[in-house]
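Visitor: The following block contains a protein sequence and its predicted model.
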Amino acid sequence: MPLSTTTSGSLPRSTALIEANAARAFAEDGFTLLPSPEAEALTALAVAEVVERQRAAGITLVGDGEFGKAMTNPVDYGAWWGYSFQRVSGLSLTDVNAFTEPPALSTPGQIRLTSFLGRRDRQRFPSVYAEAVESGRIATAFPTTTGPITYRGHEAVAADIRNLTAALRDGEQGFLTAIAPGSAARVHNDYYATDEEHIEAWADALREEYRAITDAGLILQLDDPSLAENFDQIDPEPSIADYQAFTRIRIEAINRAIEGLPKEQVRLHLCWGSWHGPHTTDVELKDILPVVLEANVGSISFEAGNVRHEHEFAVWADAKIPDDLVLVPGVVSHATNVVEHPELVAQRIRRYTDIVGADRVIASTDCGLGGRIHPDIAWAKLEALGEGARRAG
């Protein structure tokens, strides 16, 4: 019997869907999208199609491809994160730019996040990243927290739920992604007195979105690349003890936000950032996994095919993994255009089934495939994932 399979969220969007989102108008605040019946109808159709295509590729736990999370300017900071700006109150569009200006608040151990363009990996490889910046779009304005963070995305998350559930077959499970508090709070803050208070406010607000998803019977995937990638965004490099304390605040915020929700319906996605770069200053998994395992979630999705972190399956073998935790390793990667051979996929899967058993492993993608590789390659990778799971089963 083949193992269960899933994705980590983002899948390639059609040209029509991208154009429809780009044509949408903004409210006076500058980053809230106004309703568009045309775009909403197209999104519903696109979700139905992407769910069916996942099934055909051998994916058993399907998602909506994050199609309800529009990628738009002027705040085009990735749909996985930028969508949250549209679903809370308390933000204002300012000239303060997180790409170039670091947050103002100090953090535990007196460590501080740099700007996104100040990452240590970028400093080590300036020519490599200069090419990436020139070829991409960088927002010139950015949301800043200027008032109390409160949730207002009820209609939007209801649409996400409605589109996915309509595409599911009887008895079929699906999942929706939502940003975790620590990653959401990586905007500038001019309102809350401390970093901790800012993150807690995001946790309290986003809890409404989380509950809506789990109440609908869907799996909630909490996207929190900040847990690992923040390490590269601290200069000078912090001690591991200080970074663990810094990260624990973000894990505590997750636990605050999901308290009382069905544990088996909550999945945490951990990654080192899906941008294409050297990643030589990534924190090692062994240094953060003990803290990450403090999250009260039913499963953890993580990069296991990315060549910078593939070797770290040995860390899981030595870890104190809770008996009820399901592992969701990425066994095909967004970081290469090479399509993994199904036998390699099967070998990667077996590394984890050997640790916790086949019933506690769901094979997945490293990170979101949408926007990182050509759509045809992305779907070929999902087919390799499906076939690899059949061989490993």
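Guide: Sure, I can see it.
Visitor: So in terms of bridging, what pairs with L93?
Guide: On the basis of DSSP bridges, L93 is bridged to P143.
Visitor: What pLDDT is listed against it?
Guide: As predicted, L93 sits at a pLDDT of 83.
Visitor: ditto for I111
Guide: Reported pLDDT for I111: 79.
Visitor: Kindly report the same for G393.
Guide: As predicted, G393 sits at a pLDDT of 85.
Visitor: quick one: it and G58 touch, right?
Guide: No - the pair G393 / G58 is not scored as a contact, 10.9 Å apart, by C-beta atoms under 8 Å. From N, CA and C alone the C-beta is placed, and that goes for glycine too.
Visitor: more neighbours, these two?
Guide: Legend: neighbour count by other C-beta atoms under 10 Å for G393 and G58, higher for G58 (18 against 14).
Visitor: That one and L3, how far apart?
Guide: 10 Å (C-beta to C-beta, to the nearest Å).
Visitor: so what sits against both of those two?
Guide: Both G58 and L3 are in contact with A389, where contact means C-beta atoms under 8 Å, 6 or more residues apart in numbering.
Visitor: which residues of the protein score low on pLDDT?
Guide: The chain contains residues with pLDDT under 70 at 1, 71-77, 96-100, 102-109, 131-141.
Visitor: Would you map the strands across it?
Guide: For the chain, applying DSSP state E gives strands covering 4-5, 62-63, 88-94, 142-151, 174-179, 188-189, 219-223, 266-270, 299-303, 326-332, 362-365.
Visitor: Throw those into CSV and include mean neighbour count, thanks.
Guide: Listed next are the strands of the chain as CSV, based on neighbours: other C-beta atoms under 10 Å:
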stretch, mean neighbour count
strand 4-5, 24
strand 62-63, 26
strand 88-94, 19
strand 142-151, 18
strand 174-179, 25
strand 188-189, 22
strand 219-223, 25
strand 266-270, 25
strand 299-303, 27
strand 326-332, 26
strand 362-365, 28
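Visitor: Report the contact partners of the closest residue to E284 other than its chain neighbours.
Guide: The shortest distance from E284 to any non-neighbouring residue, by C-beta to C-beta, 6 or more residues apart in numbering, is to E312 (7.3 Å). Residues near E312 by C-beta under 8 Å, 6+ apart: E284, L285, K286, A304.
Visitor: Filter those residues down to the buried ones.
Guide: Burial by neighbour count, 16 or more other C-beta atoms under 10 Å: within those this picks out L285, A304.
Visitor: and which of the contacts of E312 is nearest L17?
Guide: Minimum separation from L17 among the contacts of E312 (C-beta to C-beta) is found for A304, which lies at 29.5 Å.
Visitor: ok now stretch 383-393, how far from the chain's centre?
Guide: In terms of C-alpha atoms, centre = their mean, to the nearest Å, the centre of stretch 383-393 is set 24 Å apart from its chain centre.
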